[in-house]
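> got a predicted structure here, sequence first:
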Amino acid sequence: MKRTIGALALLSLTWAMPALAQQVCDQATPFNHQLPTGPVEIVPAQPNKRIYFCGFFVSARGPTLDMTVMLGQGTNCGTNTRQILFDNFPSDVAVSNRVERVGPAGDPGYALCIQSSGTGSLTGLIYWAQF
């Protein structure tokens, strides 16, 4: 009886694996903005693919600069915009936030954009995947 229950449990996990599967975050796009700007498209939309935000690395930022990461449609995420990150960083520090694998996020046909506000420059990377 224990073997039958064990086999059924293993079989149910096998059926659930595709739903639990995660994709590797394998892309990075650098940005270097000397002035506050945006929204600026970092990853173009593809009609049948989703963009997965995997994190960021900020290597330099101005004294009072904030960064927003968003998904949206149209030119530079101009329509149907959804904010996925807003962060105000301390001055003169490097900040990193990255995951290796992601599950489902966003809708197909959306682009990934960043926007900066405040004063100063912003330099770093956006990590992402698209499938």
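Yes, it's here.
> what's near enough to touch residue 86?
Residues in contact with residue 86 (C-beta atoms under 8 Å, 6 or more residues apart in numbering) are 66, 67, 68, 69. (Each C-beta comes from the backbone N, C-alpha and C, glycine too.)
> what do you get if the cut-off is 10 Å, keeping everything else the same?
By C-beta atoms under 10 Å, 6 or more residues apart in numbering, residue 86 lies in contact with 66, 67, 68, 69, 70, 115, 117.
> so for the closest residue to the fourth one other than its chain neighbours, what's the pLDDT?
Here the nearest residue to residue 69 in space, its sequence neighbours aside, is residue 85; by C-beta to C-beta, 6 or more residues apart in numbering that works out to 4.0 Å. Each residue has a pLDDT score; the one for residue 85 is 85.
> how would you label residue 85: helix, strand or coil?
Applying DSSP: H, G, I helix; E, B strand; the rest coil to residue 85 yields a three-state assignment of strand.
> I'd say it and residue 58 touch.
No - applying C-beta atoms under 10 Å as the test, residue 85 and residue 58 come out as separate, 11.4 Å apart.
> looking at the two, which is more packed in?
Neighbours per residue, other C-beta atoms under 10 Å: of residue 85 and residue 58, the larger number sits with residue 58, 20 against 14.
> if I look at residue 60, how far off is residue 49?
Going from residue 60 to residue 49 by C-beta to C-beta, to the nearest Å gives 31 Å.
> over to residue 86?
The span separating residue 86 from residue 49 equals 25 Å under the rule C-beta to C-beta.
> measure stretch 108-123 end to end?
Stretch 108-123 has its terminal residues 28 Å apart, counting by C-alpha to C-alpha, to the nearest Å.
> that one: how far from the chain's middle?
Relative to its parent chain, stretch 108-123 has a centroid offset of 12 Å by C-alpha atoms, centre = their mean, to the nearest Å.
> same thing with stretch 122-131?
When C-alpha coordinates are averaged (C-alpha atoms, centre = their mean), stretch 122-131 and its chain have centres 7 Å apart.
> which positions in that stretch come out as buried?
Of the residues in stretch 122-131, those scored as buried under the neighbour-count criterion (16 or more other C-beta atoms under 10 Å) are 122, 123, 124, 125, 126, 127, 128, 129, 130.
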